[in-house]
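Asks: Here is my input; please provide its structure:
(one chain, ligands or ions: 1)
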Amino acid sequence: MLRLGGSLLEDLLSLDPGHRGPRVECGEGHRAEFVGYRPKGLDTVLGPVTLQRAWYHCAACRHGLAPTDARLGIAGGSLSPGLRRMVARVGSAEPFAQGRRDLAELAGLELTAKRVERSAEADGELVGVAAAQEADALLAGRVVQFPGAKPVEKLYIALDGTGVPMVPRETAARRGKGPDGRARTREVKLGCLFTQTALDARGRPVRDPDSSSWVATLGTAERFGSLLYAEGLRRGAGHAGQLVVLGDGAPWIWNLAGEHFPGAIEVVDLYHAREHLHALGRLVLPALGADGPGWLAERLAELDRGDVEAMLAAARRMALEAVIVADVETALGYFETNRERMRYGRFRELGLFVGSGAVEAGCRAVVAQRLKLSGMRWTVRGASAIVSLRCQAASGRWDDVWTRLHSQTTAA
Ligand SMILES: [Zn+2]
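Replies: Model prediction:
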């Protein structure tokens, strides 16, 4: 049946071989001359087909072109748009070699893993570039985002970063945590936007189902900021009842929040804050002996209430007794800097999330489960492309992406 469909498609495509007279515009302002009809092999959803199409040559550019290729969106490639979409799907979901096997098993299509990789990464790159351009246009005010019909009650913007393992040339001369002081990874900055309206029976906030969308980049914090700002506008940040930025204590997160979402409530993820308190505990516990666990439990309870001042005061008294003031002060810097972001008691009263579990689960689902599998080493370009595709898929925008990509390539 596939072979039959393929031969029908071949006939259909040959109905208009793309002869547009003796000369056509070459695209660079010259006239390209008709040369003759040339075959092009094309892999499609129905298997390989060959199309005959008119071929023109521009003497000035020394470059050939076929109007048919542009019309079908296959210029410069040998996969049909429909097959490219399938390839991008498997390539973003799983390792390329596995994607190749699934295409063969599920669709009867034989491609090499290298072609799966090239095509998926090329399309992922287009998706990433389109997202960046759209974000820049929004940020510059060249494009206006109309608010959705229904204003959102609470919009959360949860931010995190995670390292993706790189081929050595991508991390050369970068310092990192490796045993030799060299970096092995590059950071993906990931943002999860979601809304919340309801509380559960115990008064805890519940994420609205299917309300998460994702942005990510391996680029600079500035690039991430514009993507985030654009996604914020798309999600109604401009007229949300309450905007909340959730993150660990990393300074770049709060710099971006201040720049793009100045009215937001900023919350340091409670679990990160607890980890920092446990680290502080390890400094002072030796001096406390048997009282240690009780002491730490009291500090954790203070943190949980958002009473950062009581926690700081108790830790400072302890540091004086144990004569380890300098070390403790360093550890307390995190709490000093972020104290207004740790008013957990008040945040709970407002019915807000105090943990960024959403983005951490997202780091695993969107990034780690595809990009951090054992033995993987990425280029920045490849990782960026696949992350772009995965963000769109996780945000429920897979269809939109292809409608837009296809209209772009055929217009080109
Ligand atoms: Zn030309």
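Asks: Next, residue 349: phi, psi?
Replies: The phi/psi pair for residue 349 (degrees, to the nearest 10) reads phi -60, psi -40.
Asks: That one: neighbouring residues, count only.
Replies: 11 (other Cβ atoms under 10 Å). All C-beta atoms are positioned from the backbone trio N, CA, C, and that covers glycine.
Asks: for the one 10 residues further on, same thing?
Replies: For residue 359, the neighbour count with other Cβ under 10 Å is 27.
Asks: and if you look at residue 118?
Replies: Per other Cβ under 10 Å, the neighbour tally for residue 118 reads 18.
Asks: Please pull up the helix or strand immediately following whichever helix in the chain runs longest.
Replies: If you go by DSSP state H, the chain has its longest helix at helix 113-139. Counting by DSSP states H and E, the next helix or strand C-terminal to helix 113-139 is strand 154-165.
Asks: Which positions within whichever helix or strand comes after that following strand qualify as buried?
Replies: Sequence-wise, the next helix or strand downstream of strand 154-165 (DSSP H and E) is strand 185-199. The neighbour-count criterion (16 or more other Cβ atoms under 10 Å) identifies 185-196 as the buried residues of strand 185-199.
Asks: quick one: which of those residues is nearest to residue 320?
Replies: Distance to residue 320 across the buried residues of strand 185-199 (Cβ to Cβ) is lowest for residue 187, with 38.0 Å.
Asks: For that closest one, which non-adjacent residue is spatially closest?
Replies: residue 161 (4.7 Å; Cβ to Cβ, 6 or more residues apart in numbering).
Asks: Can you report how many residues lie near that neighbour?
Replies: 19.
Asks: circling back to that earlier point, what are the buried residues along the longest helix of the chain?
Replies: Neighbour-count burial for helix 113-139 [16+ other Cβ under 10 Å]: 115-128, 130-132, 134-136, 138-139.
Asks: And for stretch 209-225?
Replies: Neighbour-count burial for stretch 209-225 [16+ other Cβ under 10 Å]: 211-219, 221, 224-225.
Asks: Turn the buried residues of strand 185-199 into a markdown table, columns for pLDDT and distance to residue 50.
Replies: Formatted as a markdown table, those follow (pLDDT from 0 to 100; distance: Cβ to Cβ, whole Å):
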| residue | pLDDT | distance to residue 50 |
| --- | --- | --- |
| 185 | 90 | 45 |
| 186 | 93 | 42 |
| 187 | 92 | 46 |
| 188 | 94 | 41 |
| 189 | 94 | 45 |
| 190 | 94 | 43 |
| 191 | 94 | 45 |
| 192 | 94 | 46 |
| 193 | 95 | 46 |
| 194 | 94 | 48 |
| 195 | 93 | 50 |
| 196 | 92 | 54 |
